[in-house]
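Student: what would the 3D arrangement of this be:
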Amino acid sequence: MAPLIRTALNATARLAPGPAGRWAFHLFVRPLGRARLRPGEAALLAGARTDRLRVRGKEVVTYAWGDGRRPVLLVHGWSSRASRLGAFVEELLARGHSPVAFDAPGHGDSSGRASNIVEYREIIRELHARHGDFEAVVAHSFGVVAALFALRDGVRTSRFVGLGGVGSFDMVLEGFRAGLGLDDRVMRAMRAHVERRLVPDEPGVWERFGADHAPDELGAPVLLFHDEGDDMVPLAQARFLARAHGERARLVVTRGLGHRRILTDPDVVAAAVEFATAGSGTEPAVGAREGVGSTAS
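Tutor: Numbers count the residues shown, from 1 in each chain. Okay, the predicted model is just below:
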């Protein structure tokens, strides 16, 4: 279908940029399928307190474990679901913390066929209102850039952990453009559609989408894990994030875990949860470490 979509969108953008931008946006925000539960994940979700909230007409399923004290937010990536972060749920519960998670629209058990970074922000804001300030936020892949967008916009946390994270929203846009072979007219039309329909009251929002925007507004220590062989998000994205957050950030480079196994590796999970629950003084001991700021090697 890609050649047909490319031809149709590129041609339409020359004559009718409005419809081309709208069509491109609808493709851009569609997950690549709905991830199914893996063995063991159903039992994990069965042990959660399940609730629902509505975001832009879509029903979002949320999950909470524990007694509600010391909440830690877990944010899944694109075309994923909350249950993929199950290893963190178990480890956090063992340490007396209360994990909180959600399935974004078009993902997991939530309704809809699409989602976007603005909807992620609205969900995270609502969970913050319900559960209070988070002890930590643990995010994966696209969830990293989406969570940081929310954390610079009223949501508060004491610590942040990113795994295989996207740092530059431009990388997401470029991947979409290159994957379909779209020309600049289509991308300009899609940007205009977003500004006009999705965030009409937020000038300069494209800059704020990026995880490097105003990093001081986060005000929390950051621990990043990224595999050197990640085939979905290049290691350069983690280095970009680490540089942006300066001395507050530390990057741990793993080997052989790729983009998904990093979520279940026992050493990564243990080090991430130790940091998330014990404060910024915790020193992770996984893989090859890359110092940031004054500790650069």
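
Student: how about the residue nearest to residue 47 when sequence neighbours are not counted, what does it touch?
Tutor: Of all residues not flanking residue 47 in the chain, residue 65 sits nearest, at 6.6 Å (CB to CB, 6 or more residues apart in numbering). C-beta coordinates here come from the backbone N, C-alpha and C atoms, glycine included. Shown in contact with residue 65 (CB atoms under 8 Å, 6 or more residues apart in numbering): 47, 48, 49, 89, 92, 93, 98, 99, 100.

Student: can you flag the buried ones in these?
Tutor: Among these, the ones that count as buried by 16 or more other CB atoms under 10 Å are 48, 89, 92, 93, 98, 99, 100.

Student: quick one: contacts of stretch 116-133?
Tutor: Applying CB under 8 Å, 6+ apart, the set of residues contacting stretch 116-133 from outside is 29, 53, 55-56, 58, 60, 62, 64, 68, 71, 73, 75, 98, 100, 102, 104-105, 134, 142-143, 145-147, 149-151, 153-158, 169, 198-199, 209.

Student: for it, which residues meet the burial criterion?
Tutor: Buried residues in stretch 116-133, counted by 16+ other CB under 10 Å: 116-124, 126-128, 131.

Student: out of these, what pair is the most spread apart?
Tutor: Based on CB to CB, the longest span within the buried residues of stretch 116-133 runs between 116 and 131 and measures 22.9 Å.

Student: which SSE is the most centrally placed residue in the chain in?
Tutor: For the chain, residue 143 is the residue whose C-alpha lies nearest the centre (CA atoms, centre = their mean; 0.6 Å). Assessed by DSSP states H and E, residue 143 sits inside helix 142-151.

Student: run through this protein and note the low-pLDDT ranges.
Tutor: The chain contains residues with pLDDT under 70 at 279-289, 291-297.

Student: what about residue 168, how many neighbours?
Tutor: Residue 168 is flanked by 18 other residues according to other CB atoms under 10 Å.

Student: residues contacting it?
Tutor: Applying CB under 8 Å, 6+ apart to residue 168 gives the contacts 145, 210, 211, 212, 237, 240.

Student: among those residues, which one sits closest to residue 37?
Tutor: Residue 37 lies nearest to residue 145 out of the contacts of residue 168, by CB to CB, at 25.4 Å.

Student: ok, now which ones touch the closest one?
Tutor: 117, 165, 166, 167, 168, 169, 172, 209, 210, 211.

Student: what do you get for residue 74?
Tutor: Taking CB under 8 Å, 6+ apart, we find residue 74 in contact with 82, 85, 88, 89, 99, 100, 101, 137, 138, 139.

Student: redo these as a markdown table? Include secondary structure and distance to residue 17.
Tutor: Shown next, in a markdown table, are the contacts of residue 74 (DSSP: H, G, I helix; E, B strand; the rest coil; distance: CB to CB, whole Å):
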| residue | secondary structure | distance to residue 17 |
| --- | --- | --- |
| 82 | helix | 37 |
| 85 | helix | 39 |
| 88 | helix | 43 |
| 89 | helix | 45 |
| 99 | strand | 44 |
| 100 | strand | 41 |
| 101 | strand | 39 |
| 137 | strand | 37 |
| 138 | strand | 40 |
| 139 | strand | 34 |
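
Student: distance of the closest residue to residue 205 other than its chain neighbours from residue 153?
Tutor: Counting by CB to CB, 6+ apart, residue 205 lies nearest to residue 199, which is 4.7 Å off, once chain neighbours are set aside. Separation of residue 199 from residue 153 (CB to CB, to the nearest Å) stands at 12 Å.

Student: tell me which of these two has more neighbours.
Tutor: More crowded of residue 199 and residue 153, by other CB under 10 Å: residue 199, with 17 against 13.
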